[in-house]
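Participant: No sequence on hand, only this structure:
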């Protein structure tokens, strides 16, 4: 029971930290010139697939190129 509660607490802390990191990244990203935004996206994204039904699939790189 204590292990489960500990895992849940760690997961919650991790999610909160991740949310803060993503928010900070998004705010900083908006401040970059458009050319730099495009370059950063190209570094992060491995593949984009667009399907006929207008669904979009984005695969991110697991590590920097």
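Facilitator: Thanks, I have the structure now. Since this is a predicted model, take the numbers as computed values, not measurements. Numbers count the residues shown, from 1 in each chain.

Participant: Spell out, range by range, the helices that occur in the chain.
Facilitator: Secondary structure of the chain, counting by DSSP state H: helices at 2-31, 34-44.

Participant: Tabulate those in TSV, adding columns for distance to residue 54 and mean pLDDT.
Facilitator: To be clear about C-beta, it is placed using only N, CA and C from the backbone, and glycine gets the same treatment. Formatted as TSV, the helices of the chain follow (distance: least, C-beta to C-beta, whole Å; pLDDT from 0 to 100):
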stretch	distance to residue 54	mean pLDDT
helix 2-31	24	86
helix 34-44	20	92
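
Participant: can I assume residue 44 is in contact with residue 58?
Facilitator: No: using C-beta atoms under 8 Å, residue 44 is not in contact with residue 58; the gap is 9.4 Å.

Participant: tell me the contacts of residue 60?
Facilitator: With contacts defined as C-beta atoms under 8 Å, 6 or more residues apart in numbering, residue 60 is in contact with 44, 45, 46.

Participant: Just the buried ones from those residues?
Facilitator: Buried members of those, scored by 16 or more other C-beta atoms under 10 Å: none.

Participant: Name the nearest of the residues you listed relative to residue 33.
Facilitator: residue 44 (17.0 Å; C-beta to C-beta).

Participant: Distance of that closest one relative to residue 25?
Facilitator: 10 Å (C-beta to C-beta, to the nearest Å).

Participant: now do residue 45
Facilitator: Residue 45 is 14 Å from residue 25, by C-beta to C-beta.

Participant: now swap in residue 37 and tell me
Facilitator: From residue 37 over to residue 25 (counting by C-beta to C-beta), the distance is 12 Å.

Participant: overlap in contacts of the two?
Facilitator: In contact with both residue 37 and residue 25: no residue, using C-beta under 8 Å, 6+ apart.

Participant: which one of the contacts of residue 60 is nearest residue 21?
Facilitator: residue 44 (13.9 Å).

Participant: Name the nearest residue to that closest one, ignoring sequence neighbours.
Facilitator: residue 60 (5.7 Å; C-beta to C-beta, 6 or more residues apart in numbering).

Participant: quick one: pLDDT of residue 64?
Facilitator: According to the prediction, residue 64 has pLDDT 65.
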